[in-house]
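**Student:** predicted model, plus sequence, below.
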Amino acid sequence: MLILKFVHALSKALIAFFVGFFCLIVGYGNIIDYETNFAFVQHVLSMDDMEPFFDGKNIIHRAITSPLWHHILYNLIILFEIIAGILCVIGAIIMFFNVNKNNFSLGQAFFIGGATVAIAVWYFGFAVVGGEWFAMWANKWNGQMKAYTFSLFIMLSVIYILIPTPKNLQS
């Protein structure tokens, strides 16, 4: 049973690492290839590349057209992606080194902090604010489905990582 408990805990640490590594790769990619996703953020905020079916005259006043604000908000997105990644990886490392110890929950706490930041970026930032406030759903630069996909995987990871060790694996 001890080996099963070890594998169970190791699995949680690995999933935490995968989420953190994902966040770090996304943030790093946005830094080294700044212009690619900056264009995405710029068009969504400006609401300037809407689909032909979208009238939007009642909400177009929400658009942010200042290039300065585009850069500020994009850099905040990158910053929060990196913070999420760092917290999740720290959590994973703590879990790895405490697989059969009481400090395992400290790693889980770090992971939950990072996952919360990640969900704030992709669910709240992209799906809610981008999707609804800036009508990204009607924009040719629509990233809502990716945002939902990222958010769902992260939320499922949170649930899995917080599930208690089954009683039959406890020693």
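**Tutor:** Alright, I've got the coordinates.

**Student:** worst mean pLDDT across the helices and strands of this structure, which element?
**Tutor:** helix 2-32 (a mean of 94; mean pLDDT, DSSP states H and E).

**Student:** residues of it that come out buried?
**Tutor:** Neighbour counts using 16 or more other Cβ atoms under 10 Å place 5, 9, 12-13, 15-17, 19-20, 22-24, 26-27, 30 of helix 2-32 among the buried residues. Yep, even glycine has a C-beta here, placed from its N, CA and C like the rest.

**Student:** could you do stretch 135-149 as well?
**Tutor:** Under 16+ other Cβ under 10 Å, the buried positions of stretch 135-149 are 135, 136, 138, 139, 141, 142, 143, 144, 147.

**Student:** which parts of this structure are strands?
**Tutor:** Using DSSP state E, the chain contains no strands.

**Student:** can you pull up the most central residue in it?
**Tutor:** Among the residues of the chain, the one closest to the centroid is residue 118, at 2.9 Å (Cα atoms, centre = their mean).

**Student:** nearest spatial neighbour of it, skipping sequence neighbours?
**Tutor:** Nearest non-adjacent residue to residue 118, counting by Cβ to Cβ, 6 or more residues apart in numbering: residue 84, 3.9 Å away.

**Student:** what about the one you found, how many residues nearby?
**Tutor:** Residues near residue 84, counting by other Cβ atoms under 10 Å, number 28.
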